[in-house]
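Trainee: Show me the folded form of this:
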Amino acid sequence: MADSHMVASSSSSFQAEPLPSKSKIAELRSQILIGDLPDDFLRLCQPVQEVGVEVAPAQPHHYPAPVAESVDSQQQTAYMPQMVSPAEQFYAFVPPHTRGRIAIKVVEAKLTKNYGLVRMDPYVRVRVGNTLFETPTSVNGGKAPSWNRTVNAYLPNEVESIYIQIYDERAFTNDECVAWAHVLLPEGIFSNEVIDDWYSLSGPQGDGKEGVINLVMSFASIESVPQPRPMEPSQPPQIQQVEAIGGVTPGPLFTEEELDELHVMFPSIDKEVIRHVLEAKRGDKDSTVTALLEMAS
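Mentor: Sure thing, here's the model as predicted:
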């Protein structure tokens, strides 16, 4: 009974409105405009050219000539940083006490033992002087990893060898060094020869018992880089005076604190080398960091 009462009450609350009367319908009908639509209804009106009247052709619009750039904008354009490739950044600066540039291609290795629990993912670390380089990981390389990665480095003076380490990359523990080698640089590379040879690896199995690694090495002397010509003795050197702005003497390009900060960021690079890079970059820390990253990579 309660449900039927609710249905009855709801139906009574949603009753439809009564239809309009005949007089109301006649009044609404009288307000409707009845007739034929014109032929150009909802059509675009196009201009009609009169007979005998010539229409002048449309004249092209002449845009004003571009205004010459101001001196400030030209100076800003001149000082905008140019896109420089990493190779140009690497060869633009030569550290002091450098013998030349050495290229070491780490091709592949033949290892004696697989030290991984399931698989072994080896990668190589190459140390040239105080600089350390690292190859990508040979995923699931096992006992026959392949890298084919070339390392370009500056060879310091009195450095006659490089140090090779092969690591097994681990996911949950520290990477394990499974083999290493102390490779003496062959004399042939200093005579513009490319040396492709295999070198014995040492490790937990013993000296020279961990397998062999294939390296391809070449060398380019630093003398091939063009040096600035000295000034002729008849012409005295021109010393450019730097005018102080507002009577204030210009300060140094960088401070010792900034030099120490960069040395902390790049401990593998000599502090004097960082100083020379800062001087070459006119104290610009961003450019200096970019150059040091290229040297340390």
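
Trainee: Now do the residue lying closest to R119 once chain neighbours are set aside against V216, distance only.
Mentor: On the basis of CB to CB, 6 or more residues apart in numbering, the spatially nearest residue to R119 that is not a chain neighbour turns out to be N140, at 5.0 Å. All C-beta atoms are positioned from the backbone trio N, CA, C, and that covers glycine. According to CB to CB, to the nearest Å, N140 stands 24 Å off from V216.

Trainee: Of these two, which one has the most company?
Mentor: The residue with more neighbours, out of N140 and V216, is V216; 15 against 12, by other CB atoms under 10 Å.

Trainee: so the more buried one is in which element?
Mentor: Using DSSP states H and E, V216 sits within strand 206-221.

Trainee: quick one: pLDDT of the residue nearest to R119?
Mentor: N140 carries a pLDDT value of 91.

Trainee: Just to be sure, it is in a strand?
Mentor: No: read with DSSP: H, G, I helix; E, B strand; the rest coil, N140 is coil and lies in no strand.

Trainee: and it, what does it touch?
Mentor: Residues near N140 by CB atoms under 8 Å, 6 or more residues apart in numbering: R119, M120, D121.

Trainee: again, but for V178
Mentor: With CB under 8 Å, 6+ apart, V178 has these contacts: L111, K113, Y115, M120, P122, I166, Y167, D168, G203, P204, E210.

Trainee: what about it, which SS state?
Mentor: strand.

Trainee: Please report how far it lies from R127.
Mentor: Taken as CB to CB, the span from V178 to R127 is 17 Å.

Trainee: what's the neighbour count on E193?
Mentor: By other CB under 10 Å, the residues close to E193 number 13.

Trainee: Pop the domain breakdown of this structure in here.
Mentor: 98-223, 252-297 (automatic domain parsing).

Trainee: the strands in this structure, which residues?
Mentor: Applying DSSP state E to the chain gives strands spanning 98-111, 122-128, 131-134, 146-156, 161-168, 176-184, 195-203, 206-221.

Trainee: Tell me what angle the longest one forms with strand 146-156.
Mentor: Which is strand 206-221. Here the directions of strand 206-221 and strand 146-156 differ by 60 degrees (axes from the mean of the first three to the mean of the last three CA atoms, to 10 degrees).

Trainee: CA atoms only for strand 206-221, dumped as PDB, please.
Mentor: C-alpha atoms of strand 206-221 as PDB (Å, rounded to 0.1, in the frame of the first residue of the first chain):
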ATOM      1  CA  GLY A 206      96.600 -15.800 -11.800                       C
ATOM      2  CA  ASP A 207      98.900 -13.500 -13.800                       C
ATOM      3  CA  GLY A 208      98.100 -13.800 -17.500                       C
ATOM      4  CA  LYS A 209      95.500 -16.500 -16.900                       C
ATOM      5  CA  GLU A 210      92.200 -14.600 -17.200                       C
ATOM      6  CA  GLY A 211      92.200 -14.500 -21.000                       C
ATOM      7  CA  VAL A 212      93.100 -11.800 -23.500                       C
ATOM      8  CA  ILE A 213      91.700  -8.400 -24.700                       C
ATOM      9  CA  ASN A 214      91.900  -6.900 -28.200                       C
ATOM     10  CA  LEU A 215      93.000  -3.300 -28.300                       C
ATOM     11  CA  VAL A 216      93.600  -1.000 -31.400                       C
ATOM     12  CA  MET A 217      95.900   2.000 -30.600                       C
ATOM     13  CA  SER A 218      97.000   5.000 -32.500                       C
ATOM     14  CA  PHE A 219      98.800   8.300 -31.600                       C
ATOM     15  CA  ALA A 220      98.800  11.800 -32.900                       C
ATOM     16  CA  SER A 221     101.600  14.100 -31.900                       C
END
